[in-house]
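> I'll drop the sequence and a predicted model, then ask my questions.
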Amino acid sequence: MSSLEVQDVNLDCSLSSYDYELPPGLIAQNPAVPRDSSRLLVVNSLENPHTIPVSHHIFRDLPELLQPGDLLVMNNTKVIPARLYGCKSTGAGVEVLLLEERQHNCWLALVKPGKRFKIGNEIIFTAGGEENQQTLRATVVESDPQTGGRLLQFDLPPAVPLVQVLGKFGEIPLPPYITASTAANEQYQTVYAQEEGAIAAPTAGLHFTPELLERLRSCGINQAFITLHVGVGTFRPVEVEDVTTHAMHEEWIEVSADTVEQIRATQAAGGRIIAVGTTVVRALEGAAQLGDLQPFMGKTNLFIYPGYKWQVVEGLITNFHLPRSSLLMLVSALIGRERLLDIYQEAIASEYRFYSFGDAMVILPADKKKSIKLHETSGEN
């Protein structure tokens, strides 16, 4: 390996190599309406010299950009009303962000102001007006050094899960960079959201409408689902300069036997596996870490960055990600860090909208069916 190649490898592992400047005005505060009217930056495989490396489209053009036999894999997680406002017994205000359920109705949460909350402290939440006011209580039972959060035991009957009553007391949490949004709650859910448990949306899926999904099916582009409950770690920055030493957060995933069978059938037929969002990438690649892709239910802390050996995913639909984020590193692992940063600069120059409510890009893999035909033709000659 030459000294130049060594330098490139080191840069791929350096946090500062994933930085870029984004004008604040390009941070989307509201989603496109309708959903599939967002812009779509198309990144083609460099393996095909006859394609334009990058082109500009509208998201509803997706059926014409994919191929019959391709499989879109989507995340059907549903965002819960995870942000709650309450008070201590003294009357002091409290803000709570639920992260995940550790035991029945016992949730890990970030609490503001956190330093004042000791084991045994009680938080009281109220809902409704004076005449029909309802109360929900939680007690701090433990602190969590890893997140700086608290474990809160909610006072509910054993048969009543917290998620069943959250709609009365909580609200959908938007990412911290969305500060002036007028979006309705349902605009921060995918149209196929089913499994409650996320505290953030799998935002690459926000661009799909029921009509677009039907058009894709009518074009022979199939759809499968996984579940990954997006946690707060998605928004936490990488803080070590050597990214190989970064401790990735865990997220709960489920890859069903049906989805595994769909993927295998697609691969056998020469179709391509296109992940809708980085959460799907983590779920599929996480489920394949012990060898071949198998049905899986549990947690993954898989961290993907350049040099990663891909097991399942070939293409990706994704939004534009924050500088120095693990998500930016994941996408770099698919197409290369330098190429991705060049593409981001083109997106900025073209005034694409960034982050959760922003526009999308699709990374298209090589056409495997054409490759197979060319190989067969060359064999005959």
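Ah, there it is. As the structure is a computational prediction, the values presented were derived from the model and not from experiment.
> make it CA atoms for all contacts and neighbour counts henceforth
Fine.
> Which parts of the stretch 201-350 of the chain are strands?
222-228, 251-255, 273-276, 296-300, 315-319 (DSSP state E, counting those that start in this stretch).
> Compare these and give me the one nearest residue 42.
strand 315-319 (9.3 Å; CA to CA).
> Would you list the strands that that closest one pairs with, along with their directions?
Sheet pairing here is set by DSSP bridges, and for strand 315-319 it gives strand 273-276 (parallel), strand 360-364 (antiparallel).
> Please work out which of these is packed deepest.
Mean neighbours per residue, mean count of other CA atoms under 10 Å, is largest over the strands paired with strand 315-319 for strand 273-276, with a mean of 26.
> Roughly how far does the residue nearest to residue 231 when sequence neighbours are not counted sit from residue 274?
Distance criterion CA to CA, 6 or more residues apart in numbering; nearest residue to residue 231, sequence neighbours excluded, is residue 199 at 5.7 Å. Remark: distance between residue 199 and residue 274 (CA to CA, to the nearest Å) = 24 Å.
> Reformat the strands of the stretch 201-350 of the chain as CSV; add mean pLDDT and distance to residue 203.
Formatted as CSV, those follow (pLDDT from 0 to 100; distance: least, CA to CA, whole Å):
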stretch, mean pLDDT, distance to residue 203
strand 222-228, 98, 12
strand 251-255, 93, 16
strand 273-276, 98, 9
strand 296-300, 93, 20
strand 315-319, 98, 7
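> got the end-to-end distance for stretch 307-318?
Note: stretch 307-318 ends 20 Å apart using CA to CA.
> What confidence value was assigned to residue 288?
According to the prediction, residue 288 has pLDDT 96.
> so where is this protein shaky, pLDDT-wise?
1-9, 49-50, 234-235, 368-381 (pLDDT under 70).
> all helices for it, in order.
With DSSP state H as the criterion, the chain has helices at 3-12, 62-65, 162-169, 210-218, 257-268, 278-287, 326-335, 337-349, 368-380.
> And the contacts of the fourth one?
Which is helix 210-218. 36, 60, 62-63, 191, 222-223 (CA atoms under 8 Å, 6 or more residues apart in numbering).
> Mind doing that once more with 7 Å?
60, 63, 191 (CA atoms under 7 Å, 6 or more residues apart in numbering).
> Same check on stretch 198-209?
So stretch 198-209 is contacted by 35-36, 38, 75, 77-80, 82, 99, 173, 188-191, 229-231, 276-277, 279, 317-319, 356, 360 (CA under 7 Å, 6+ apart).
> and that stretch, how far from the chain's centre?
Chain-centre distance of stretch 198-209: 7 Å, with CA atoms, centre = their mean, to the nearest Å.
> how long is that stretch end to end?
20 Å.
> Flag every buried residue along that stretch.
Buried residues in stretch 198-209, counting neighbours by 16 or more other CA atoms under 10 Å, are found at 198-209.
> Check stretch 110-129 too.
Result for stretch 110-129 [16+ other CA under 10 Å]: buried residues 110-111, 114, 117, 122-126.
> and of the residues you listed, the nearest to residue 268?
For the buried residues of stretch 110-129, the nearest to residue 268 is residue 110 (45.6 Å; CA to CA).
> what's across from the residue lying closest to that closest one once chain neighbours are set aside in the sheet?
Excluding the flanking residues, the one nearest residue 110 by CA to CA, 6+ apart is residue 149, at 4.5 Å. For residue 149, the beta-bridge assignment (DSSP bridges) gives partners residue 144.
> and the closest residue to residue 138 other than its chain neighbours, what does it touch?
Once flanking residues are discounted, residue 138 sits nearest to residue 154: 4.2 Å by CA to CA, 6+ apart. Applying CA under 7 Å, 6+ apart, one finds that residue 154 lies in contact with 105-106, 137-139.
> what about 10 Å?
104-107, 122-124, 136-140, 161-162 (CA atoms under 10 Å, 6 or more residues apart in numbering).
> Hmm, residue 221 is touching residue 262, no?
No: between residue 221 and residue 262 there is no contact under CA atoms under 10 Å: 11.9 Å.
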